[in-house]
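1. one predicted model, sequence on top.
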Number of protein chains: 2
Amino acid sequence: MKLQIAVDIADSRKILEIAEQISDIIDIFEVGTPAIMKEGMLPVKMLKEAWPDMTVLADSKIVDGGAMECKDICESGADIVTVLALADNATIKEVVKTAHQYGRKVLADLLCVTDIPKRSKELIQMGVDYIGVHTGVDMQQEGRTPLADLRELIASVGTSCAAVAGGVNLDSLPDYAAENPAVIIAGSALYKAKNVRAAVLKMKEVMHS
Amino acid sequence: MKLQIAVDIADSRKILEIAEQISDIIDIFEVGTPAIMKEGMLPVKMLKEAWPDMTVLADSKIVDGGAMECKDICESGADIVTVLALADNATIKEVVKTAHQYGRKVLADLLCVTDIPKRSKELIQMGVDYIGVHTGVDMQQEGRTPLADLRELIASVGTSCAAVAGGVNLDSLPDYAAENPAVIIAGSALYKAKNVRAAVLKMKEVMHS
């Protein structure tokens, strides 16, 4: 089980300050979509220049133009790119092909997908490396959580490719860890913590105890 | 009927060179997703600084974090932001609310939506300003076009909010213009033309003759 921090801050300087504190202990460092929307691949490049050995995920949420967009992201140094599971199969295949040519991995984000068992099996067949259930921030405000979705995903494709995101915090972490997904993604519970390093260490302790 | 150029080049310098040629004659100048993915809002800011009166659309394809992402895009100066029609209603509503607070407009992109009549009516009810049928670049390579989708959209919500994108060129333009949508979006047929200004003028002539 890996811990991924999703840093949804649209400011490269602040993203680097967070990385400075946890580069040696975080399994996957995610540059969130808001940062990409505002600053493009700049934060990804800066992170990989400063910490080449840290695994960086660019939450690009590609939904079209698979080859072109994936190429630019891989050339920025990202180790993992994301594609929307809702995208056309042609796009998913282009992203997988391009990322694998660069030796990178692909996470398909199930955001807004209703038939998780069916789509996740198709995604595996298309060569996707990770599949993430994801309750979006706007949906979280309506009280929704991704736990039932995670169980449905794991029942369909197993634990080794499964990732979960959407409001995971220290209280809810044991429920997610009990399902043993490959990746648990936490956002504001980590990056908004007063001591980000301590928060990461505490979550890792809970995950592996 | 307005003509929108979709500039799917991930290079601010080249985007500005194109705008230099057509800023006075193009109805809507789109900064494509590949540029946003690579350079963030930089090209949008540069365009609005150079040509404040040119209408600039940021093809942001927001799918989550509606308020935060839309705010950053509006503050970069974009006149129109895009949201994926596939996004959760909570996200669509946040994007519409935020954009309208800034006096900006929202285009919902129907990319990969199957039930166009149903979703387009919902989008209108949520206050979206434009709805675009869109055959993605990866789908175009499979020979698909958006003409039937455009007719379905117009039958459902009329012409005044309808936009169409997906491989429109000078040959196919008369078919789209005959449907009288609010916006016709052309990409490589314009920005890859030897003389971009002449290509824009020719398309406008065809649209309005």
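-> Looks like it came in fine.

2. report how many residues lie close to the nearest residue to A:Val128 once chain neighbours are set aside.
-> Excluding its sequence neighbours, the residue lying closest to A:Val128 (CB to CB, 6 or more residues apart in numbering or on different chains) is A:Ala108, at 4.5 Å. The way it works is simple: take the backbone N, C-alpha and C, and place the C-beta from them, glycine included. Counted by other CB atoms under 10 Å in any protein chain shown, the residues lying close to A:Ala108 total 29.

3. assign a three-state SS to A:Ala108, would you?
-> strand (DSSP: H, G, I helix; E, B strand; the rest coil).

4. and it, bridged to which residues?
-> Per DSSP bridges, the residues bridged to A:Ala108 are A:Val83, A:Ile131.

5. that one: what's it in contact with?
-> A:82-85, A:92, A:123, A:128, A:130-132 (CB atoms under 8 Å, 6 or more residues apart in numbering or on different chains).

6. do that again at 10 Å, thanks
-> When contacts are counted by CB atoms under 10 Å, 6 or more residues apart in numbering or on different chains, A:Ala108 touches A:62, A:82-87, A:92, A:95-96, A:119-120, A:122-124, A:126, A:128-132, A:161, A:163.

7. what's the answer for A:Glu17, then?
-> A:9, A:11, A:196.

8. check which helix or strand covers it.
-> helix A:12-22 (DSSP states H and E).

9. what's downstream of that helix, the next helix or strand?
-> From helix A:12-22, the next helix or strand downstream (DSSP H and E) is strand A:28-31.

10. is chain B contacted by that following strand?
-> No: shown here: strand A:28-31 not in contact with chain B (CB under 10 Å from any CB of the partner chain), separated by at least 11.3 Å.

11. model confidence over whatever helix or strand comes next after that strand, on average?
-> Using DSSP H and E, the helix or strand that follows strand A:28-31 towards the C-terminus is helix A:33-39. Mean pLDDT, helix A:33-39: 97.

12. other SSEs contacting helix A:33-39?
-> Judged by 3 or more CB pairs under 10 Å, 6 or more residues apart in numbering or on different chains; DSSP states H and E, helix A:33-39 is in contact with strand A:2-7, helix A:12-22, helix A:42-50, strand A:56-62, helix B:33-39, strand B:56-62, helix B:66-75.

13. can you redo those as CSV with distance to A:Leu153?
-> Converted to CSV, the helices and strands packed on helix A:33-39 look like this (distance: least, CB to CB, whole Å):
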stretch, distance to A:Leu153
strand A:2-7, 16
helix A:12-22, 27
helix A:42-50, 27
strand A:56-62, 18
helix B:33-39, 27
strand B:56-62, 24
helix B:66-75, 25
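
14. let me know which of those is the nearest to A:Glu205.
-> strand A:2-7 (10.4 Å; CB to CB).

15. just the C-alphas of the helix holding A:Glu17, formatted as PDB.
-> Output of helix A:12-22 as PDB, limited to C-alpha atoms (Å, rounded to 0.1, in the frame of the first residue of the first chain):
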ATOM      1  CA  SER A  12       4.500  26.100  -7.500                       C
ATOM      2  CA  ARG A  13       6.300  27.800  -4.700                       C
ATOM      3  CA  LYS A  14       4.000  26.400  -2.100                       C
ATOM      4  CA  ILE A  15       4.000  23.000  -3.800                       C
ATOM      5  CA  LEU A  16       7.800  22.900  -3.500                       C
ATOM      6  CA  GLU A  17       7.700  24.000   0.100                       C
ATOM      7  CA  ILE A  18       5.500  20.900   0.800                       C
ATOM      8  CA  ALA A  19       7.700  18.600  -1.200                       C
ATOM      9  CA  GLU A  20      10.800  19.900   0.800                       C
ATOM     10  CA  GLN A  21       9.200  18.500   4.000                       C
ATOM     11  CA  ILE A  22       8.300  15.000   2.700                       C
END
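
16. what's the least confident helix or strand in chain A, going by average pLDDT?
-> helix A:137-140 (a mean of 87; mean pLDDT, DSSP states H and E).

17. do that helix and chain B meet at all?
-> Yes: Helix A:137-140 lies within reach of chain B by CB under 10 Å from any CB, at A:137-140.

18. I'd say A:Val164 and A:Leu150 touch.
-> Yes: at 4.6 Å, A:Val164 counts as touching A:Leu150 under the criterion of CB atoms under 10 Å.

19. contacting residues for A:Met46?
-> A:12-13, A:15-16, A:19, A:31, A:39, A:56, A:76-77.

20. A:Thr145: how many residues sit nearby?
-> A:Thr145 is flanked by 17 other residues according to other CB under 10 Å.

21. I'd say it and A:Gly136 touch.
-> No: assessed by CB under 10 Å, A:Thr145 is found out of contact with A:Gly136, at 11.6 Å.

22. could you name every residue contacting both of the two?
-> Residues touching both A:Thr145 and A:Gly136 by CB under 10 Å, 6+ apart: A:166-167.

23. want to throw the contacts of A:Met46 into a markdown table with neighbour count?
-> As requested, the contacts of A:Met46 are exported to a markdown table (neighbours: other CB atoms under 10 Å in any protein chain shown):
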| residue | neighbour count |
| --- | --- |
| A:Ser12 | 20 |
| A:Arg13 | 9 |
| A:Ile15 | 25 |
| A:Leu16 | 16 |
| A:Ala19 | 22 |
| A:Val31 | 30 |
| A:Glu39 | 22 |
| A:Val56 | 23 |
| A:Ser76 | 24 |
| A:Gly77 | 18 |
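
24. tell me the spacing between the nearest residue in space to A:Met54 that is not next to it in sequence and A:Ala163.
-> Distance criterion CB to CB, 6+ apart; nearest residue to A:Met54, sequence neighbours excluded, is A:Ser23 at 5.0 Å. As judged by CB to CB, to the nearest Å, A:Ser23 and A:Ala163 stand 21 Å apart.

25. likewise for A:Asp8?
-> 16 Å.

26. counting neighbours, go ahead and name the busier of those two.
-> Neighbours were counted for A:Asp8 and for A:Ala163 using other CB under 10 Å; A:Ala163 has more, 28 against 22.
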